[in-house]
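**Student:** model this:
(one chain, ligands or ions: 1)
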Amino acid sequence: MNGKLNGYSAELTKKPLDVVIVGGGLVGSLEALYLARRGHRVRLYEYREDIRNTPQARGRSINLALSVRGRRALKDVGLEAHIIEKHGIPMTGRRIHRLDGSTYVIPYDALSNQCIYSVGRNYLNSLLLQESEKYTNVERHFKHKLVDTYLSKGNLTFQRTDTAEKIQVSADLVIGADGAFSGVRKAMMKQPLFDYSQKYIEHGYIELCIPAAENGSFQMPANYLHIWPRGEFMMIALPNQDCSWTVTLFMPFTNFQNLDTPNKLLGFFNKNFPDSIPLIGEKKLIEDFFAGSPSPLVAIKCRPYHVEDKAVLIGDAAHAVVPFYGQGMNAGFEDCTLLNELFQKHNDNLADILNEFSNTRWEDTYAISDLAMYNYIEMRDLVTRPSYRLRKAFDEF
Ligand code: FAD
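**Tutor:** Okay, the predicted model is just below:
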């Protein structure tokens, strides 16, 4: 398969590898593109239906902050310009909401005007899957659940969720991109010397929505990540393409449990987020809040990420982090970039690629995980401390 693939120059100098990716979420879909561009045969197996045909599922963040790590990966596969120019909404700083409803801005980068971008999860995932249709060497199999693995042989069993039929698959390389509760990682845990830790924090989250104004515009200044820091808990809002806002309330589960009636909920919002009530609307606030229960947040660390020259973990399967640093997807995208560099460096020799990935990647992902834990305290509390206001005053000076 040396030569051109749909206009892209494949760099492969030897026989293409047969790669199976488990998980067609953000990271698995991106990895499929990297490998397809390199000329390998890719089969992507995803538990859910094709996200391109289904509405947004509740319980996953609706939008995400895309930063430089993620942009670099999207650039490599030819999608950065589209996302930045056509879809992403720039967020140039944090806009802090005080209790009295007044706001102030802390720029992310006042010197060189860099910013992060709010992107829709479904949109980005669909775009990555759609892009993979351009490559004849990528197959997509939806409604296929990984149920059994023999990783050191590269053998996997999937079960179709519609017909219950079981399908045996074997591959030169298995890539576990199956998220925080990864089945591929579960199989790796039986390996000697496999380190693993998981931490659920005592806080959960619920997603609410500030709809677009009646004239179809944003109800708040659009180009910011809005934060209502309240010490022990916080609410944030990221802008959507349709001028609505996805609002996420992070709070201890015990506080959520106490809000068990509409009156208590409205009392809580009147006390802590009064300016948000007219934006969300009382009726919608009550409906959305009681439509589901708060979702938990887990951080997972593990290593090594690979088994021999046969299997490797990427994305949340390798390193799920709490969302407060906005780096989970971005770090997963960076995994794909780094793997691609190692494919080039080691001329597609899997033993060398996987070994180096495991040895060099874990320190950064452990650091991102720790920074993400710390940033919750920063966002919900420290961001309101005077030193930040001084810095803002200095910036304006
Ligand atoms: P996932 O998105 O979990 O995808 C895994 C896929 O594997 C899924 O499609 C799943 O169906 C499939 N799968 C699972 N099990 C099987 C199986 N047995 N067989 C077959 N398929 C299977 N990150 C950021 O960078 N910026 C942000 O602003 C940000 N905000 C966030 C806000 C919240 C509230 C949360 C919870 C997370 C946020 N993240 C953010 C993190 C981000 O969502 C994750 O890091 C990202 O989704 C990881 O992608 P992934 O493809 O590795 O895993």
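**Student:** ok, and the closest non-adjacent residue to Val312?
**Tutor:** Closest residue in space to Val312, ignoring its immediate chain neighbours: His306 at 4.4 Å, by Cβ to Cβ, 6 or more residues apart in numbering. (Glycine included, C-beta is placed from N, CA and C.)
**Student:** ok, and the closest non-adjacent residue to the one residue in the stretch 51-200 of the chain that gets nearest to the ligand?
**Tutor:** Nearest to the ligand, among the residues of the stretch 51-200 of the chain, is Gly179, at 2.8 Å (Cβ to the nearest ligand atom). Take Gly179 and drop its neighbours on the chain: the residue closest to it by Cβ to Cβ, 6+ apart is Asp316, 4.8 Å away.
**Student:** my guess is that neighbour contacts Gly328, does it?
**Tutor:** Yes - here Asp316 reaches Gly328: they are 6.3 Å apart, a contact under Cβ atoms under 8 Å.
**Student:** rewinding a little: what sits against the residue nearest to Val312?
**Tutor:** Each residue near His306 by Cβ atoms under 8 Å, 6 or more residues apart in numbering is listed here: Val312, Leu313, Leu354, Asn355, Phe357, Ser358.
**Student:** So is the strand or helix carrying Leu208 next to the ligand?
**Tutor:** Taking DSSP states H and E as the definition, Leu208 sits inside strand 195-210. Yes - using Cβ under 6 Å from any ligand atom, we find that strand 195-210 touches the ligand at Tyr205.
**Student:** On the three-state scheme, the residue nearest the centre of the chain is what?
**Tutor:** Nearest residue to the geometric centre of the chain (Cα atoms, centre = their mean): Met329, 3.1 Å. When classified by DSSP: H, G, I helix; E, B strand; the rest coil, Met329 comes out as helix.
**Student:** Distance check, it against Ser118.
**Tutor:** Going from Met329 to Ser118 by Cβ to Cβ, to the nearest Å gives 12 Å.
**Student:** neighbours of Leu249, just the number please.
**Tutor:** 25 (other Cβ atoms under 10 Å).
**Student:** Could you confirm it falls within a strand?
**Tutor:** Yes - counting by three-state DSSP, Leu249 is located in a strand.
**Student:** ok, the nearest residue to it once chain neighbours are set aside - contacts?
**Tutor:** Nearest residue to Leu249 in three dimensions, chain neighbours excluded: Met235, at 4.7 Å (Cβ to Cβ, 6+ apart). Contact analysis of Met235 by Cβ under 8 Å, 6+ apart lists Ile227, Trp228, Val247, Thr248, Leu249, Phe250, Phe273, Ser276.
**Student:** Tell me which residues touch Tyr123, please.
**Tutor:** Tyr123 is in contact with His87, Gln241, counting by Cβ under 8 Å, 6+ apart.
**Student:** if you set the cut-off to 10 Å instead, what comes out?
**Tutor:** Applying Cβ atoms under 10 Å, 6 or more residues apart in numbering, we find Tyr123 in contact with Ile51, Gln56, Ile62, Asn63, Ile83, His87, Gly88, Asn240, Gln241.
**Student:** so how far is the helix or strand containing it off the chain centroid?
**Tutor:** Assigned by DSSP H and E, Tyr123 belongs to helix 121-132. Helix 121-132 has its average C-alpha position 13 Å from the chain's average C-alpha position, going by Cα atoms, centre = their mean, to the nearest Å.
**Student:** List the buried residues in it.
**Tutor:** For helix 121-132, the neighbour count (16 or more other Cβ atoms under 10 Å) marks Arg121, Asn122, Tyr123, Leu124, Asn125, Ser126, Leu127, Leu128, Leu129, Glu131, Ser132 as buried.
**Student:** Adjacent strands (with direction) for the helix or strand following that helix?
**Tutor:** Reading on from helix 121-132 to the C-terminus, the next helix or strand found by DSSP H and E is strand 138-141. When sheet partners are counted by DSSP bridges, strand 138-141 sits next to strand 41-45 (parallel).
**Student:** Against which helices or strands is the next helix or strand after the strand it pairs with packed?
**Tutor:** Counting by DSSP H and E, the element after strand 41-45 in chain order, helix or strand, is strand 63-66. Secondary-structure packing of strand 63-66 (3 or more Cβ pairs under 10 Å, 6 or more residues apart in numbering; DSSP states H and E): helix 68-76, strand 89-91, strand 116-120, helix 121-132, strand 234-239, strand 245-252, helix 328-345.
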